[in-house]
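1. I would like to see how this sequence folds:
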Amino acid sequence: MYSPDELHGVMAMMPAFATGNASDITAMDTIDVEHLKAGVERIIGDGIDVLATSGSYGEFHTLLWEEYVTLTHATVEAVKHRVPLFIGCTALNSREVVRRMRVAREAGAEGVLVGVPFYFPSTVDNAIRFYRDIANLFPELAIMIYHNPDLHNVTLPPGAFRELAAIPQVVGMKDSHRDTRGFIRLMQQTRGRVSVFVNAGQIYPFGELGATGFWSHEVWMGPWPELALRDAIARGDTQAALRIMLDLGEQPLASGEGLAVRQWLETASKLASGYGDYAQPGPLRPPFVVIPPEVDQRVRKRAAYRQQLNERYRPEVEAARKREAAQPVLA
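-> Residues are numbered from 1 along each chain as shown. Okay, the predicted model is just below:
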């Protein structure tokens with residue numbers, strides 16, 4: 001089982017690589033295993049630190065059961081225990097989560113990414129019980145809490161982590177829903193026991209406050225700006241980190257607030273990855289297949305901009321690696 005100390009840096013949220021016919025409502029087998037393996041191989045080789053599947057960007061909500069099983073086994077086989085891997089097991093109800101966790105365990109996974117079952121909002125007490133129950137059922141699996149209040153209909157307040165952080169299997173959290181004061185309070189409950197990954201736009205100052213890393217789905221357009229940001233944070237170069245964060249914030253995929261952003265954020269990211277040349281995530285799955293022209297225009301603009309960022313930051317990251325490799329090893 002992973003320990004919190006092993007979880008840091010950039011966590012890539014993986015798409016559910018789709019075959020060419022995946023937008024067909026009658027398609028039954030849409031996991032493109034070859035593109036999945038090629039994408040995983042490339043992103044691990046380029047230096048990503050953690051990989052997670054089957055979140056909202058990973059389209060867990062549009063996969064058939066057999067497709068979920070295929071994706072889980074293919075990903076475990078592709079990763080080969082080279083980086084920490086968390087198989088997404090979020091579902092509408094607790095029994096389905098357990099069923100998915102069994103698949104992850106049988107495939108040889110060591111970690112799972114799990115959000116609170118949703119549809120009707122959960123209470124915080126029920127959310128805590130849920131994580132305690134699945135930890136008791138799967139003592140050998142590391143659990144990363146998937147905290148997405150907008151979609152999972154429950155906010156886990158810092159106070160809840162007095163109990164959640166005491167569960168040995170809870171070693172990490174994918175989060176992005178705290179203001180600075182709330183994050184400080186969260187760290188009071190989790191520091192040293194739960195590794196918290198925020199989004200790239202929060203890693204400064206939250207990295208100085210205790211975040212161990214950040215997550216991204218845009219790395220599938222090429223991870224170089226995120227890797228440069230990770231390295232800047234690690235060496236304490238605040239000015240470089242701020243510059244990269246500002247670069248990443250330009251040319252946004254979605255505009256507006258609330259539902260206007262949520263409706264297109266993950267789907268637009270997958271489309272943008274498809275317009276790039278780094279990975280081949282494939283088409284969207286039903287029912288999210290009709291894309292407004294103005295969204296598609298932003299997607300293409302974002303994909304082109306990300307290419308510019310890759311060209312800017314890849315030499316910087318690779319030069320730093322060469323300098324580090326040339327350093328003498330102290331006995």
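
2. let me see the contact set for residue 50.
-> Residues in contact with residue 50 (C-beta atoms under 8 Å, 6 or more residues apart in numbering) are 7, 8, 9, 10, 11, 12, 83, 84, 85, 86, 197, 213. (C-beta placed from N, C-alpha, C; glycine too.)

3. in PyMOL, how would I select the buried members of those residues?
-> The buried residues among the contacts of residue 50 can be selected in PyMOL (16 or more other C-beta atoms under 10 Å) with this line:
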select buried, resi 7+8+9+10+11+12+83+84+85+86+197+213
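
4. taking the contacts of residue 50 one by one, which sit in strands?
-> In strands, defined here by DSSP state E, the members of the contacts of residue 50 are 9, 10, 11, 12, 85, 86, 197, 213.

5. how much space between the second one and residue 278?
-> Applying C-beta to C-beta, to the nearest Å, one obtains 14 Å for the distance of residue 10 from residue 278.

6. now the third one
-> Applying C-beta to C-beta, the value for residue 11 to residue 278 is 17 Å.

7. need phi/psi at residue 113.
-> Main-chain torsions, residue 113, degrees, to the nearest 10: phi -100, psi 120.

8. and the gap between the nearest residue to it once chain neighbours are set aside and residue 163?
-> Once flanking residues are discounted, residue 113 sits nearest to residue 86: 4.1 Å by C-beta to C-beta, 6 or more residues apart in numbering. As judged by C-beta to C-beta, residue 86 and residue 163 stand 21 Å apart.

9. cool, and residue 284?
-> 38 Å.

10. ok, now residue 243?
-> Residue 243 is 40 Å from residue 163, by C-beta to C-beta.

11. now residue 57
-> From residue 57 to residue 163 the distance is 29 Å (C-beta to C-beta).

12. and the two? Which one has more around it.
-> residue 57 (26 against 16; other C-beta atoms under 10 Å).

13. quick one: the more buried one and residue 217 touch, right?
-> Yes: with contacts counted by C-beta atoms under 8 Å, residue 57 reaches residue 217, the gap being 4.2 Å.

14. joint contacts of those two?
-> Common neighbours of residue 57 and residue 217 (C-beta under 8 Å, 6+ apart) are 13, 15, 266, 269, 270.

15. neighbour-wise, give me the winner out of these.
-> Counting neighbours by other C-beta under 10 Å, residue 15 leads the shared contacts of residue 57 and residue 217 with 29 neighbours.

16. got a list of what the residue nearest to it when sequence neighbours are not counted touches?
-> Nearest residue to residue 15 in three dimensions, chain neighbours excluded: residue 281, at 3.9 Å (C-beta to C-beta, 6+ apart). Applying C-beta under 8 Å, 6+ apart to residue 281 gives the contacts 15, 16, 17, 18, 35, 39, 220, 270, 273, 274.

17. heading C-terminal from the lowest-mean-pLDDT helix or strand in the chain, find the next helix or strand.
-> None of the helices or strands of the chain scores lower by mean pLDDT, DSSP states H and E than helix 259-262, at a mean of 51. Counting by DSSP states H and E, the element after helix 259-262 in chain order, helix or strand, is helix 265-275.

18. how about that next one: buried residues?
-> Counting neighbours by 16+ other C-beta under 10 Å, helix 265-275 gives 265, 266, 267, 268, 269, 270, 271, 272, 273, 274, 275 as buried.

19. stretch 161-176 now?
-> Neighbour-count burial for stretch 161-176 flags 161, 163-165, 167, 169-176 (criterion: 16+ other C-beta under 10 Å).

20. in helices, which of the residues you listed appear?
-> Those of those mapping onto helices are 161, 163, 164, per DSSP state H.

21. and the closest residue to the second one other than its chain neighbours, how close does it get to residue 156?
-> Same thing as residue 163. Excluding the flanking residues, the one nearest residue 163 by C-beta to C-beta, 6+ apart is residue 128, at 5.1 Å. Separation of residue 128 from residue 156 (C-beta to C-beta) stands at 8 Å.

22. so what sits against both of the two?
-> Common neighbours of residue 128 and residue 156 (C-beta under 8 Å, 6+ apart) are residue 164.

23. which of these two has more neighbours?
-> Neighbour count, other C-beta under 10 Å: between residue 128 and residue 156, residue 156 has more, with 22 against 19.
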